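S.K.: coords please:
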Amino acid sequence: MLMRLKPVLAAATVMFVGVGGLTALALWARDPVTAWDVAAAVASVAAALAQLWRPIGGTIAATVLAAFTPIATPAATAGVVQVAQHRRLPPAAAVAALGVAAHAVQGLVDPNPAISYEWWLLLDVAVYGALLGWGALTRSRRELLASLRERAHRAEAEQGRRVAEARAAERRELAREMHDVLAHRLSLVSTYAGALEYRPDAPPEQLATAAGIVRQGIHEALDELRQVIGLLRENDTADDDGFVPTLADLPRLLEEARRVGQSIRLVDERAEAAPPVSIGRTAFRVLQEGLTNARKHAPGLPVEAVLRGEPGGRLLIELRNPLPPVPAGNGSGSGLGLVGLAERVKLAGGELDHGVAERRFRLRARLPWPA
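M.R.: Alright, predicted model coming up:
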């Protein structure tokens, strides 16, 4: 409540000090000062304060008073600005015309000896026209700023929605991939378990081998299942099967990119051991998205891809490419690909960052590599 009253109190204070000060100067200029002058001064200041809540009513009251005494002129002119700032142009122009008429009457009732009546009327029209324009300009500027703020809020909300949709889409895609891998592992377990069931007379070595494969498959399937459960909390219903690439498919990815004319230099400094399948899938997607972005935003320019890491540490994937002198015509995009990629890397327990330095774009991901 207090926060809402603060702007009102601040406006009332400015109005009281400004109009009250000018009214006091007009009262001081009167010689002699009569009781009518004091009453008019008090009434005009009260009308000026009323303009904050009732712009038209307070201005009309001050304008009628100004027709008989120049003491009310500050309140009447301030009211025209208030009406122009808070009302449409037709009522504001009507109030300004009333003010011109009131001061035309004032020039007859209480003429100013320092200026002729004709010049008084001309000055009267010029001042009210300037006040009307000032108030209307202020109102237009305030409406424009409010419109720009509203558009900015809508754009921010829309971008937030699109980012959320990109993240959800990436989760669903990753969940489908993990579903395929899990189904593959369980089918292997089922096959070897069936062999144990229907061939109990097999040699002990074969039984031990089959049992070991079943145990290992179940262990890996449980690991995959834990990740699937975490990703399927959004009730993903897709059931289409597809190819699930990992780092083992990196040569195919590079060959496809080079086939369309992309120049790629690969620096592979990984340990010989392969990372877990889930980490390999995420690393493959990082490389795929990075090469795609380079083709879109920097066509024809070379790309350097770096892979580095070892078990028990982190797997580093980094792609670098120079920026083109002129932005590519087909490089416009929403940036949601990197948003989805960041979500994928985060779900894998890693980090992803990107940016421009020394006229080169860099995409870097760090993924955990269990020992």
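S.K.: For the rest of this, base every contact and every neighbour count on C-alpha atoms.
M.R.: OK.
S.K.: Low-confidence stretches in the protein?
M.R.: Residue ranges of the chain with pLDDT under 70: 1-6, 8, 170, 174-188, 191-192, 195, 220, 223-244, 327-336.
S.K.: Next, the buried residues of stretch 287-302.
M.R.: Neighbour-count burial for stretch 287-302 flags 287, 290-299, 301-302 (criterion: 16 or more other C-alpha atoms under 10 Å).
S.K.: and which of those residues is nearest Val19?
M.R.: Set against Val19, the nearest of the buried residues of stretch 287-302 by C-alpha to C-alpha is His297 (60.9 Å).
S.K.: ok, and what's touching stretch 352-370?
M.R.: Contacts to stretch 352-370, defined as C-alpha atoms under 8 Å, 6 or more residues apart in numbering, come from residues 275-276, 279, 283, 286, 290, 309-323, 342, 345-346, 348-351.
S.K.: residues in contact with Gly309?
M.R.: Gly309 makes contact with Glu269, Arg270, Ala271, Leu315, Leu316, Trp369 under the criterion C-alpha under 8 Å, 6+ apart.
S.K.: same thing but 7 Å
M.R.: When contacts are counted by C-alpha atoms under 7 Å, 6 or more residues apart in numbering, Gly309 touches Glu269, Arg270, Ala271, Leu315, Leu316.
S.K.: which of these count as buried?
M.R.: The neighbour-count criterion (16+ other C-alpha under 10 Å) marks Arg270, Leu315, Leu316 among these as buried.
S.K.: Could you pull out the strands in this structure for me?
M.R.: For the chain, strands defined by DSSP state E occupy the ranges 264-270, 303-309, 313-322, 351-357, 360-369.
S.K.: Report the distance from stretch 280-287 to the chain centre.
M.R.: In terms of C-alpha atoms, centre = their mean, to the nearest Å, the centre of stretch 280-287 is set 29 Å apart from its chain centre.
S.K.: So that it lines up with my notes, have the first residue be 57 from now on.
M.R.: Noted, 57 is the first residue going forward, which turns the last one into stretch 336-343.
S.K.: on that earlier part again, compile the buried residues of stretch 343-358 into JSON lines and extend it with columns for distance to Gln318.
M.R.: Formatted as JSON lines, the buried residues of stretch 343-358 follow (distance: C-alpha to C-alpha, whole Å):
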{"residue": "Leu343", "distance to Gln318": "14"}
{"residue": "Gly346", "distance to Gln318": "12"}
{"residue": "Leu347", "distance to Gln318": "9"}
{"residue": "Thr348", "distance to Gln318": "10"}
{"residue": "Asn349", "distance to Gln318": "12"}
{"residue": "Ala350", "distance to Gln318": "9"}
{"residue": "Arg351", "distance to Gln318": "7"}
{"residue": "Lys352", "distance to Gln318": "11"}
{"residue": "His353", "distance to Gln318": "12"}
{"residue": "Ala354", "distance to Gln318": "10"}
{"residue": "Pro355", "distance to Gln318": "8"}
{"residue": "Leu357", "distance to Gln318": "7"}
{"residue": "Pro358", "distance to Gln318": "7"}
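S.K.: Which of those fall in helices?
M.R.: Those of the buried residues of stretch 343-358 mapping onto helices are Leu343, Gly346, Leu347, Thr348, Asn349, Ala350, Arg351, Lys352, His353, per DSSP state H.
S.K.: So what are the structural domains in the protein, by residue number?
M.R.: Annotated domains of the chain cover 58-167, 223-290, 303-425 [automatic domain parsing].
S.K.: Check these for me and report the most buried one.
M.R.: Each of the domains of the chain was scored by mean neighbour count; the highest is domain 58-167, a mean of 19, by mean count of other C-alpha atoms under 10 Å.
S.K.: Next up, the contacts around the residue lying closest to Glu399 once chain neighbours are set aside.
M.R.: Excluding its sequence neighbours, the residue lying closest to Glu399 (C-alpha to C-alpha, 6 or more residues apart in numbering) is Arg223, at 5.9 Å. Shown in contact with Arg223 (C-alpha under 7 Å, 6+ apart): Val395, Gly396, Glu399.
S.K.: how about a cut-off of 10 Å?
M.R.: With contacts defined as C-alpha atoms under 10 Å, 6 or more residues apart in numbering, Arg223 is in contact with Arg217, Glu229, Leu392, Gly393, Leu394, Val395, Gly396, Leu397, Ala398, Glu399, Arg400.
S.K.: how much space between the spatially closest residue to Ile127 that is not a sequence neighbour and Ala96?
M.R.: In space, and not counting its chain neighbours, Ile127 is closest to Ala82: 5.3 Å by C-alpha to C-alpha, 6+ apart. Separation of Ala82 from Ala96 (C-alpha to C-alpha, to the nearest Å): 11 Å.
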